[in-house]
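A.B. asks: Using only what follows, build the 3D model:
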Amino acid sequence: MNKLIHFACFILIAIILVSGTIYVKQLMVQASETQEQDMKQVKEIQKENLKNRITLAEEFTVLKEHKTEKKPLNKKFTGITPTDIAIPSIDVNASIEQVGLLETGQMDAPSTEDGVAWFEPGSKPGVKGNAVLAGHVDSKTGPAIFYHLKDLDRGDEITVKDKQGTKLTFVVKKKQSYPRDKAPLNEIFGYSKGRHLNLITCTGTFDRSKGTHQERLVVYAELKEEQAMQLENEAKLPDAPTNVKISGDLLSWYAVREGNIIGY
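C.D. replies: As a prediction, this is how the structure comes out:
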């Protein structure tokens, strides 16, 4: 009887050991599967983060493009800082530099024969006033950028643009020559109700004792009508409210007809 009991106990212990071993193996398998799932999740997260970083980079690229958009022509337009000029009728294409005043009080000249200078202390092209550009007529070696400025006629077009690509087109209205020391500075540089662009160069006989020509040629141009109208058009003001109610000291109005509707 005792032997039978001992044998039964032995069998029970063996079953427990075998079951325990199988259970431990199952736990190890589950742990391994869980680890693999965790690794997959980590890889998915890393992949998603990489995707997000690429998307952010693309967004910043769009932002850079947005910053270089052309200026809209409206009442908030403050003119352009000109970088290039084109005058098709006399085959002029040139870059524009900014200049100021000399110690003598005169406008500084362009630094090169083929370049054009914008008088930066004055008006910007496109605003009300007189924007002024100057160019040399000739040099010791021959004609310079504004040599044919005298050939411009009424109606010829002058285009200036800035580094963003905003283009303004001006139409020649008249041209006039003045003695070097008797040019009407206020008419050329002063304020104007129109949006003007004035081009200056030397003309007349060259005075060797003075080192310059005896006269100045000024071409007066005005912003093209279509662009000027865009700048003059103001945004339409909203209509005054008509559905108004007075209650004691309170005045209220609704954006919708029905007074029982909250919000709009």
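
A.B. asks: Could you report the neighbour count for the nearest residue to A221 once chain neighbours are set aside?
C.D. replies: Sequence neighbours aside, F170 is the residue nearest to A221 in space, at 3.8 Å (criterion: C-beta to C-beta, 6 or more residues apart in numbering). Every C-beta, even on glycine, is put in place using the N, C-alpha and C of the backbone. Using other C-beta atoms under 10 Å, F170 has 28 neighbouring residues.

A.B. asks: got a pLDDT number for F170?
C.D. replies: Looking at F170, its pLDDT stands at 98.

A.B. asks: pretty sure it is touching K161, no?
C.D. replies: No - assessed by C-beta atoms under 8 Å, F170 is found out of contact with K161, at 11.8 Å.

A.B. asks: which residues in the chain form strands?
C.D. replies: Assigned by DSSP state E, the strands in the chain fall at 84-87, 92-99, 116-119, 129-135, 138-139, 142-143, 157-161, 167-179, 195-207, 212-223, 244-247, 250-253.

A.B. asks: So for the second one, what gets flagged as buried?
C.D. replies: Right, the one you point to is strand 92-99. V92, A94, I96, E97, V99 (16 or more other C-beta atoms under 10 Å).

A.B. asks: want to throw the strands of the chain into TSV with distance to M107?
C.D. replies: Formatted as TSV, these follow (distance: least, C-beta to C-beta, whole Å):
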stretch	distance to M107
strand 84-87	16
strand 92-99	7
strand 116-119	5
strand 129-135	6
strand 138-139	18
strand 142-143	21
strand 157-161	17
strand 167-179	14
strand 195-207	8
strand 212-223	11
strand 244-247	58
strand 250-253	56
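
A.B. asks: Of those strands, give the one that comes closest to N186.
C.D. replies: Proximity to N186 (C-beta to C-beta) singles out strand 129-135 among the strands of the chain, at 9.1 Å.

A.B. asks: Just checking: what are the partner strands of that closest one?
C.D. replies: According to DSSP bridges, strand 129-135 forms sheet pairs with strand 116-119 (antiparallel), strand 195-207 (parallel).

A.B. asks: List of residues touching the first one?
C.D. replies: Identification of contacts with strand 116-119 by C-beta atoms under 8 Å, 6 or more residues apart in numbering yields 82, 85, 94-100, 107-111, 125, 131-135, 145-146, 189.

A.B. asks: Mind doing that once more with 6 Å?
C.D. replies: Here strand 116-119 makes contact (C-beta atoms under 6 Å, 6 or more residues apart in numbering) with 82, 85, 94, 96-99, 107, 110, 132-135.

A.B. asks: now the last one
C.D. replies: Taking C-beta under 6 Å, 6+ apart as the criterion, the residues outside strand 195-207 that touch it are 125, 128, 130-135, 137, 146, 149, 170, 177, 188, 213-215, 217-223, 228.

A.B. asks: Can you flag the buried ones in those?
C.D. replies: Here, 16+ other C-beta under 10 Å leaves 125, 130-135, 137, 146, 149, 170, 188, 213, 215, 217-223, 228 buried among the contacts of strand 195-207.

A.B. asks: quick one on the thing from earlier: check the strands of the chain for me: which has the lowest mean pLDDT.
C.D. replies: For the strands of the chain, where the average pLDDT is lowest is strand 250-253, sitting at a mean of 56.

A.B. asks: if we can go back for a sec, could I get the strands paired with strand 129-135 in TSV, plus columns for mean neighbour count?
C.D. replies: Shown next, in TSV, are the strands paired with strand 129-135 (neighbours: other C-beta atoms under 10 Å):
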stretch	mean neighbour count
strand 116-119	23
strand 195-207	20
